[in-house]
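my questions are about this predicted structure, shown below with the sequence.
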Amino acid sequence: MSKTTRVPFWLIRFRNFLVLLLSNRLAAVGMFLLLMFVVMAAAAPLLTPYRPTGNAVSANYDPPTWITLINGPVGYSQNAQFSALSVNMSSSGLATIPTKTGNSVALDFAGSSPGGTVQITETLSYPYQGSPKQIIGDAMILIPGSGALNKSFNVTAYVNRIGVSRFLFWSPTTINKTGTYNPSPAINSGNPAFNSQLGIGQQFSAANYVFAAEKANYQYVLTISVPAGFSGRINVSSFDLNLFGNTWGIFGTDDAGHDIFTQVVYGARLSLEVGLVATGIGIGLGLLIGLMAGYLGKIVDEVLMRTTDMLLVIPFLPLLIVLVATIGPSLIYIILLIGFFSWMGFARVIRSQVLSLRERPFIEAAKASGAGTGYITVRHIFPNIVSLTYVNLALTVPASIVTEAALSFLGLGDPTVITWGSMLGAANSVGATVSNLAWWWILPPGLSIALISLAFILLGYAMDELFNPRLRRRR
């Protein structure tokens, strides 16, 4: 005879409460928004392959790619990279077949071989109707061993717009000893020396000059010219050329080229952590102090309430600014300070409710039967004020998140972590709100704070309506 598994009573009550709560339209909307941010925070590594403050993913201040749906594709571009590496030889100068690995090539020459030229080439079919915003590339030559070579050789690199023109990226250089060699000046359109090498003034960019705002085919070519009788190995590595477009991703990039979508996703984790942990501390302290003051009364009530009144009259945000500036901008300190200075109002609400409950007949009956203070508090008073705890918990989380955002906006947030508030603070500190008008950097964290606050407020109102019969609407 099989045994029937009984569902725990608390689980049944929780299920019934959840069904009743979600029957309220405000609660349903709030729960949807909250779950959206919880999933975003939990699945951050799956939603984006980048790190919030890792390597730059594109050029700085790139708007999102969907802006082309509004303004059209003309003038806009995205990231592109030269690829499909190939090796071409003008003679049989190589002793062995070149070894290719990714963007690296190993070339071996025998002393008895004739001279010749080796061309290492990567290609790109540029598909956009706007120039890239930045060019970054490299071509490293490594000659193993020590001392001078038996004969010197020449190396140069250029970009060939097929059928149109050629642009010199690495001036012809003679190499006569072992070591490592890179293009000088570095291949970077943000480098004035590199732009000067191309013969353009400081007011122009190599990205616009080389890659015109039109579709075309390009080659990135490294040429190695060796004389007859040259022997040795020439290793070519880091042979790549990257084009950073002027649009990027869902939310664009910040002043350092970091992905704003990644920052919003990872920022959801810490913003929720700040809101929930700080609120938990505040609610816990307020509940404990309110219960003690309301039930014990007399001198305990006087001491606790006068302390509460003293803390209530101190301006909250200026006090936090002073304390954070003194202690240091650590996220842990910020959470603790927000929690320790947000319990006063809730403590007074709990005290007033306990003062009313302790005069009820069922409390007097429990005292008469010999029940102690702890038993009465846990079994009779707390169940009657738990609804206030749920409601205030939901309504206080947005205040904690906004407080942390305010501190970060003022430059007092933790610089080592990414939260929605620190994103707004970073945008403000570099003048993105005025000089660059980078709205795509400001709106995502701002709207995230607004939506998560709305989610908790809707849940709080719905729970208040659920627990307070006088607020329930007639259906």
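Thanks, I have it.

who's in contact with Ala212?
Residues near Ala212 by Cβ atoms under 8 Å, 6 or more residues apart in numbering: Ser131, Arg161. In short, each C-beta sits where N, CA and C put it, glycine included.

actually Ser205, not the one I wrote
So Ser205 contacts Lys133, Gln134, Ser189, Asn195 (Cβ under 8 Å, 6+ apart).

in ChimeraX, how would I select just the buried ones from those residues?
In ChimeraX, this line selects whichever of the contacts of Ser205 come out buried by 16 or more other Cβ atoms under 10 Å:
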select :133,134,189,195
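
can you name the two of the contacts of Ser205 that sit furthest apart?
Farthest apart among those by Cβ to Cβ are Lys133 and Asn195. That separation is 14.0 Å.

could you pull out the strands in the stretch 151-300 of the chain for me?
165-181, 216-226, 232-244 (DSSP state E, counting those that start in this stretch).

looking at those, which is nearest to Ser422?
Closest among these, using Cβ to Cβ: strand 232-244, at 24.4 Å.

what's the angle between that closest one and strand 165-181?
130 degrees (axes from the mean of the first three to the mean of the last three Cα atoms, to 10 degrees).

pairing partners for strand 232-244, with directions?
strand 80-81 (antiparallel), strand 104-109 (antiparallel), strand 134-161 (antiparallel) (DSSP bridges).

helices and strands around whichever strand or helix holds Leu46, which ones?
Element membership for Leu46 (DSSP states H and E) is helix 44-47. Judged by 3 or more Cβ pairs under 8 Å, 6 or more residues apart in numbering; DSSP states H and E, helix 44-47 is in contact with helix 260-296.

related to what we said a few turns ago, which of the strands of the stretch 151-300 of the chain sits closest to Gly111?
strand 232-244 (8.6 Å).

in the stretch 301-450 of the chain, which spans are helices?
Along the stretch 301-450 of the chain, counting by DSSP state H, counting those that start in this stretch, helices occupy 316-327, 331-340, 344-357, 361-368, 373-376, 382-409, 420-429, 439-467.

ok, now which ones touch the closest residue to Thr253 other than its chain neighbours?
Using Cβ to Cβ, 6 or more residues apart in numbering and skipping the chain neighbours, the partner closest in space to Thr253 is Asp62 (4.3 Å). Contacts for Asp62 (Cβ under 8 Å, 6+ apart) come out as Lys133, Phe244, Gly245, Asn246, Thr247, Trp248, Gly252, Thr253, Gly257.

per-residue pLDDT of Trp440, please?
On pLDDT, Trp440 comes in at 92.

I'd say Asn60 and Trp248 touch.
No. Asn60 is not in contact with Trp248 according to Cβ atoms under 8 Å; the separation is 10.1 Å.

looking at these two, which is more packed in?
Trp248 (25 against 19; other Cβ atoms under 10 Å).

quick check, the more buried one in contact with Thr68.
No. With contacts defined as Cβ under 8 Å, Trp248 does not count as touching Thr68, sitting 11.7 Å away.

between the two, what contacts are shared?
With Cβ under 8 Å, 6+ apart as the test, Trp248 and Thr68 reach no residue in common.

ok, back up a step: can I get the helices of the stretch 301-450 of the chain in CSV with distance to Lys298 and mean neighbour count?
Output for those, formatted as CSV (distance: least, Cβ to Cβ, whole Å; neighbours: other Cβ atoms under 10 Å):
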stretch, distance to Lys298, mean neighbour count
helix 316-327, 29, 14
helix 331-340, 26, 19
helix 344-357, 12, 20
helix 361-368, 16, 12
helix 373-376, 13, 12
helix 382-409, 21, 20
helix 420-429, 43, 23
helix 439-467, 30, 20
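
dump those into a markdown table; add distance to Val39 as well.
Compiled in a markdown table, those are given as follows (distance: least, Cβ to Cβ, whole Å):
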| stretch | distance to Val39 |
| --- | --- |
| helix 316-327 | 31 |
| helix 331-340 | 23 |
| helix 344-357 | 29 |
| helix 361-368 | 43 |
| helix 373-376 | 40 |
| helix 382-409 | 17 |
| helix 420-429 | 16 |
| helix 439-467 | 13 |
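
so which of the ones you listed comes closest to Leu22?
Comparing these under Cβ to Cβ, the one sitting nearest is helix 439-467, at 8.9 Å.

between helix 382-409 and that closest one, find me the angle.
Using the same axes, to 10 degrees: helix 439-467 against helix 382-409 is 170 degrees.

what packs against helix 439-467?
By 3+ Cβ pairs under 8 Å, 6+ apart, helix 439-467 packs against helix 9-22, helix 25-42, helix 260-296, helix 382-409, helix 420-429.
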